[in-house]
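**Q** structure of the sequence below:
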Amino acid sequence: PVVELADGSSVHASHVMSESSRSIQQLYEALPWPPPNARGTRRSILLSSWLTGAVFPRRYPIAHGRRVLVAGCGCGESALELVKTVAGIEVVGVDLSQPAVSAAQDAIAGLERDDGLADQATARFVCADLTNTDDMAALGSFDLVICHAVADYVPDRRALLTTLAGALNDHGVVYLSANTPDHPAAAVRHAFNALGVPPVSLAQAVQAASGTDSGGLTPVQRQTLRMVAAALGAGGGVPELGELPASVLAADVFYPFAHHLPPHQWVTDARDAGLVLAGSRVTSSAIADVLDSAVLPLLGLCKGALGELFQRLRHAPSVEMLLSASRAEPPPFDDLKTLGSWVPSLDESLPAHALPEWSADQPDVARPLRVQSPGYPEVTVHTTAASLAVLRAVDGTRTLADCARIAGVGLQDVYRPVWRAWVSDLLHLRSP
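**A** Numbering: from 1, shown residues only. Presented below is the predicted three-dimensional model:
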């Protein structure tokens, strides 16, 4: 098999997987990620209620008693956020870099000493190869596998997906995020190749100079970085490229290997590993731009199918997906009689008492409802006063038909805005 490199060239897979794996391991042993000055700068995106939306009501993956694997844990940022926040959760972090694992172990020891863990939450960290079947099998099975900003840098991505799939229990899901060809780093790498400066050479220079004042980059290389940032323009995504610390550039821009694949390729590879797309973060933002009059072709699609559709239509710099071993059937929005017997419940990020009371003068006129979910920017859902009245009647036990009756409206008048709330993971529906 042939592997395509980030610079567009192709080589035999066995060579890439051996040479690149060694280079990546050496890089992250010299420069554990994330660097200490980058920690604590943002709330972990992994705690968003979106993670539960694609699998509800089968089993919440982040809750008391759940086992979570952080695949490629680095210095433990995401794992530590979980054990500080979720009581009773068990987290296992795995990384190829022993210095990173040691840093994570020191951090968890500090939390234990300072009583900074949530009640009964535990975490341990292991140095292992994510693509090694035996190493991964020894860790047991998990409710959730988090693989955030890691898969791009694993040469044998198919082996990675296979081991991640094998780590799931019967209800488990994989959270996978990866950069696409539209990511700014891809453009930067191509620019340096065009200038005759292989990106990997910069990473090697930084790695060799680790711990020195120079950081490994010459003044000319810094000027080149500033020139590339300016050429990319304001929308290029990296205006501060020329000023980034050398360690960040080496580990997050000029790494030895990167896939930068289109989202549908990850979906195809995941399917080969026995996983299906259960949901995609892009769906919520994309659906806000679709008018009610145009949603009919979408009503019969599950969240996975919607995610795959919108990932193909939208060119985002990165993609966030939930992958599951089984596909959940969507509620029958195209069969209102059956839909009425389903039981809705509001996501914890949207309590009924927080819903606004809009004027009923124009009950069927759609307006934007802005919702802030933990760890994510504001989400806008287009809904109506009539559908809000239905949502306020939701208590987790009443059927959708009962909620519509309490609100004084017919289900045929509100099912499209209700569908939007379901797609955006603000409303969950379970079959009777």
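
**Q** make it CA atoms for all contacts and neighbour counts henceforth
**A** Will do.

**Q** where in the stretch 251-400 of the chain is pLDDT low?
**A** For the stretch 251-400 of the chain, the stretches flagged by pLDDT under 70 are 328, 348-354, 360, 371-381.

**Q** could you pull out the strands for it?
**A** Applying DSSP state E, counting those that start in this stretch to the stretch 251-400 of the chain gives strands spanning 276-280, 318-324, 343-346, 367-372, 378-383.

**Q** ok, the stretch 51-200 of the chain next?
**A** Under DSSP E, counting those that start in this stretch, the stretch 51-200 of the chain gives strands at 67-71, 90-95, 122-127, 142-148, 168-179.

**Q** which residues touch the longest one?
**A** So the one you mean is strand 168-179. Under the contact criterion Cα atoms under 8 Å, 6 or more residues apart in numbering, strand 168-179 has outside partners 51, 58-59, 61, 141-152, 164-165, 260-261, 317-325.

**Q** and if you look at the shortest one?
**A** By Cα under 8 Å, 6+ apart, the residues outside strand 67-71 that reach it are 61-62, 78-79, 89-95, 130, 141-148, 150.

**Q** which of these count as buried?
**A** Neighbour counting with 16 or more other Cα atoms under 10 Å marks 61-62, 78-79, 89-95, 130, 141-148, 150 as buried within the contacts of strand 67-71.

**Q** nearest approach to residue 385 belongs to which of the strands of the stretch 51-200 of the chain?
**A** Closest of the strands of the stretch 51-200 of the chain to residue 385 is strand 168-179, at 34.6 Å (criterion: Cα to Cα).

**Q** send me the closest one as PDB with only the CA atoms.
**A** What follows is strand 168-179, C-alpha atoms only, in PDB (Å, rounded to 0.1, in the frame of the first residue of the first chain):
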ATOM      1  CA  LEU A 168     -15.300  -0.100  23.000                       C
ATOM      2  CA  ASN A 169     -17.800  -1.900  25.200                       C
ATOM      3  CA  ASP A 170     -21.300  -2.700  23.900                       C
ATOM      4  CA  HIS A 171     -22.600   0.900  24.300                       C
ATOM      5  CA  GLY A 172     -19.300   2.600  23.600                       C
ATOM      6  CA  VAL A 173     -18.500   5.500  21.200                       C
ATOM      7  CA  VAL A 174     -15.400   7.000  19.800                       C
ATOM      8  CA  TYR A 175     -14.900  10.800  19.700                       C
ATOM      9  CA  LEU A 176     -12.600  11.600  16.800                       C
ATOM     10  CA  SER A 177     -11.300  15.000  15.800                       C
ATOM     11  CA  ALA A 178      -9.000  15.600  12.900                       C
ATOM     12  CA  ASN A 179      -7.700  18.400  10.600                       C
END
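
**Q** so that strand versus strand 67-71, what angle?
**A** Per axes from the mean of the first three to the mean of the last three Cα atoms, to 10 degrees, the angle that strand 168-179 makes with strand 67-71 is 30 degrees.

**Q** list the contacts of the residue nearest the centre of the chain.
**A** By Cα atoms, centre = their mean, the chain has its centre lying nearest to residue 320, at 3.5 Å. Residue 320 sits next to 175-178, 280-282 when contact means Cα under 8 Å, 6+ apart.

**Q** neighbours around the closest residue to residue 185 other than its chain neighbours, how many?
**A** Distances taken as Cα to Cα, 6 or more residues apart in numbering place residue 253 nearest to residue 185, at 5.5 Å, with adjacent residues excluded. By the measure other Cα atoms under 10 Å, the count of residues near residue 253 is 22.

**Q** so which of the strands of the stretch 251-400 of the chain is the most surrounded?
**A** When the strands of the stretch 251-400 of the chain are scored by mean count of other Cα atoms under 10 Å, the highest mean neighbour count falls to strand 276-280 (a mean of 27).

**Q** I figured residue 230 hits residue 241, correct?
**A** No: counting by Cα atoms under 8 Å, residue 241 is not a contact partner of residue 230; they are 9.2 Å apart.

**Q** mind listing what residue 75 touches?
**A** Contacts of residue 75 (Cα under 8 Å, 6+ apart): 32-34, 100-104.

**Q** quick check: pLDDT value at it.
**A** With respect to pLDDT, residue 75 scores 92.
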